[in-house]
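# A structural model of the following input is requested.
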Amino acid sequence: MIQDKFINSSTNLGNSNPDSLTWTVLHPIELLSGYIPVFITALLATLVFTPIIRWLAIAADIIDHPDQGRKQHAYPIAYLGGLAIFAGALAGIAASGIFLNGEAALLQGVPPSIVVGMLAIVLTGLADDIWKWDPRLKIAGQLIAAAALAIEDVGPQLAAGFLSIIFGEPNDILFSIGDFRIQNAELYYWIGTAITAIFVIGGCNAANLIDGLDGLLTGTTTIMALGLLTISLMMAYSLPAENLDTSLAGTRIILSLILLGTTLGFLPYNFNPAVIFLGDCGSLLIGYLSVVIIMTFGEFGTTKYSVAGLICFGLPILDTTLAIIRRKVAGKSMSDADSSHIHHQLKRYFGGSVRKSVLALYVIAAGFTIVGVGMSAMLLLTTVRGIVVEAFCLAAYVLVVAFAVKRARYLEWIKKLHSKNPESVNAYTSNQNQNQEKA
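Predicted coordinates:
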């Protein structure tokens, strides 16, 4: 079945280039109006469920207490906000099966495998919020969600998009011994399954790491969701859907509207001063929904649109990359917490102001989203080659990472020098500051 799907999609792409088509039976405005009940339901359900979940968290004493370290909020704040996000998401999915009309009613909804993955992620995050799970158990839960998502073959289709450049089409022979033959589709399946696991684990933990200030993850995800929705609608307009019953065009629009509605509905309670936190349950679920949407952009090998989606998700990815570099250089474990994330540094820059820091990061997230949407627009609506845009974005990302490595090594050198001779470090840093002021 998997092999047949690969062969059919390959044949379709081989006979006509989807990127060259600018017309389909799907109309973005009509689709958006048809799917509006999904957004409204997710928004209202989250607005209603959040205070209920907050009351339950307080009654069960599932509360985040401040300390003198990383948790510097002024008073205890309820956890379990992720349950409100989950309730809003389920309500949106239910609405997508009840209230749709027009073109939206013709497209596939949210497959059960994605819902199963959502449930696995929520249970994993909920267990961590209540019992403080070992990081390895959290990874195990995320792998279960990835396994559920692999049922839809989204990962293998994504893998086929870039591996076909090297190995050829999925129905080509990878190698043969006598009458025994293995087609590329088998290779694409296993690599695609690994890609699914990497996307789910990476996306969930990236969202979790950036959830460090009131309203930060919720607000930046709202901005990213607008970008993912825009890309989804542009793809529906520009790329042909061979089979409306199996196309994921409707799935990604529904999930984008759910992500937008739930985060927007939760934001009033979570913005500074917050009265409830997402917890791991919420941050992992937001990361999961984001990467599922991004992976569906790679349906039938259209990998370049997944790259555009990753750019929209660029702020969590960048923050996670910098954290990995920082901890690797310092010789620390990846699970060791620190206070050097982008949001921590901005908070110190703004004199401890959470709101200014969060609003600045909203602007940065909007910048990433604009670039991602702009890249998709160029690829879908113009003749610009995808490799040109991707190369430019990769170069910019590598430059940022290179500066981060340099900065991390510099700070480690300062720490080691300070441990040996504090006076020389103070003199060195004082001279550096004076030179910067003169410059």
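
# stretch 65-78: end-to-end distance?
Start-to-end span of stretch 65-78 (C-alpha to C-alpha, to the nearest Å) is 9 Å.

# mean confidence for that stretch?
The average pLDDT for stretch 65-78 rounds to 66.

# what sits against the residue nearest to residue 206 when sequence neighbours are not counted?
Among residues not flanking residue 206 along the chain, residue 316 sits closest, at 3.8 Å (C-beta to C-beta, 6 or more residues apart in numbering). The C-beta positions use only the backbone N, C-alpha and C, and glycine is treated the same way. Counting by C-beta atoms under 8 Å, 6 or more residues apart in numbering, residue 316 makes contact with 203, 206-207, 209-210, 220, 287.

# same list (the residues you listed) but as TSV, adding neighbour count and distance to residue 228.
TSV is the format used below for those (neighbours: other C-beta atoms under 10 Å; distance: C-beta to C-beta, whole Å):
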residue	neighbour count	distance to residue 228
203	27	12
206	23	15
207	28	14
209	21	20
210	27	17
220	27	12
287	30	13
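
# out of those residues, who's nearest residue 305?
residue 203 (16.3 Å; C-beta to C-beta).

# the closest one: which element?
helix 184-210 (DSSP states H and E).

# from the contact counts, what lies against that helix?
Under the contact criterion of 3 or more C-beta pairs under 8 Å, 6 or more residues apart in numbering; DSSP states H and E, helix 184-210 touches helix 2-15, helix 135-150, helix 154-167, strand 173-177, helix 216-238, helix 279-296, helix 314-329.

# out of those, which is closest to residue 61?
Across the helices and strands packed on helix 184-210, closest to residue 61 is helix 279-296 (C-beta to C-beta), at 13.8 Å.

# any idea of the angle that closest one forms with helix 314-329?
110 degrees (axes from the mean of the first three to the mean of the last three C-alpha atoms, to 10 degrees).

# still on that earlier bit, most packed of the helices and strands packed on helix 184-210?
Ranked by mean neighbour count, the helices and strands packed on helix 184-210 are led by helix 279-296 with a mean of 28 (mean count of other C-beta atoms under 10 Å).

# helices or strands up against that one?
Right, helix 279-296 is packed against helix 81-96, helix 112-131, helix 135-150, helix 154-167, helix 184-210, helix 216-238, helix 249-270, helix 303-312 by 3+ C-beta pairs under 8 Å, 6+ apart.

# for residue 282, find the nearest of those helices.
Closest of these to residue 282 is helix 81-96, at 2.9 Å (criterion: C-beta to C-beta).

# and the residue nearest the centre of the chain, what does it touch?
When the chain is reduced to its mean C-alpha position, the closest residue under C-alpha atoms, centre = their mean turns out to be residue 290, at 3.8 Å. Residues counted as contacts of residue 290 (C-beta under 8 Å, 6+ apart) are 203, 207, 221, 224-225, 228, 259, 313.

# circling back: closest to residue 197 out of the helices and strands packed on helix 184-210?
The closest of the helices and strands packed on helix 184-210 to residue 197 is helix 135-150. By C-beta to C-beta, the value is 4.4 Å.

# weakest of the helices and strands packed on helix 279-296 by average pLDDT?
Ranked by mean pLDDT, the helices and strands packed on helix 279-296 bottom out at helix 154-167, with a mean of 70.

# using PDB, list the CA coordinates for stretch 120-132.
Coordinates of each C-alpha in stretch 120-132 appear next as PDB, following Å, rounded to 0.1, in the frame of the first residue of the first chain:
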ATOM      1  CA  ALA A 120      -0.100  10.500  23.400                       C
ATOM      2  CA  ILE A 121       1.600  13.900  23.600                       C
ATOM      3  CA  VAL A 122      -1.000  15.300  26.100                       C
ATOM      4  CA  LEU A 123      -0.700  12.300  28.400                       C
ATOM      5  CA  THR A 124       3.100  12.600  28.300                       C
ATOM      6  CA  GLY A 125       3.100  16.300  29.100                       C
ATOM      7  CA  LEU A 126       0.400  15.800  31.800                       C
ATOM      8  CA  ALA A 127       2.400  13.100  33.500                       C
ATOM      9  CA  ASP A 128       5.400  15.400  33.600                       C
ATOM     10  CA  ASP A 129       3.400  18.300  34.900                       C
ATOM     11  CA  ILE A 130       2.000  16.200  37.800                       C
ATOM     12  CA  TRP A 131       4.800  13.700  38.500                       C
ATOM     13  CA  LYS A 132       7.900  15.400  36.900                       C
END
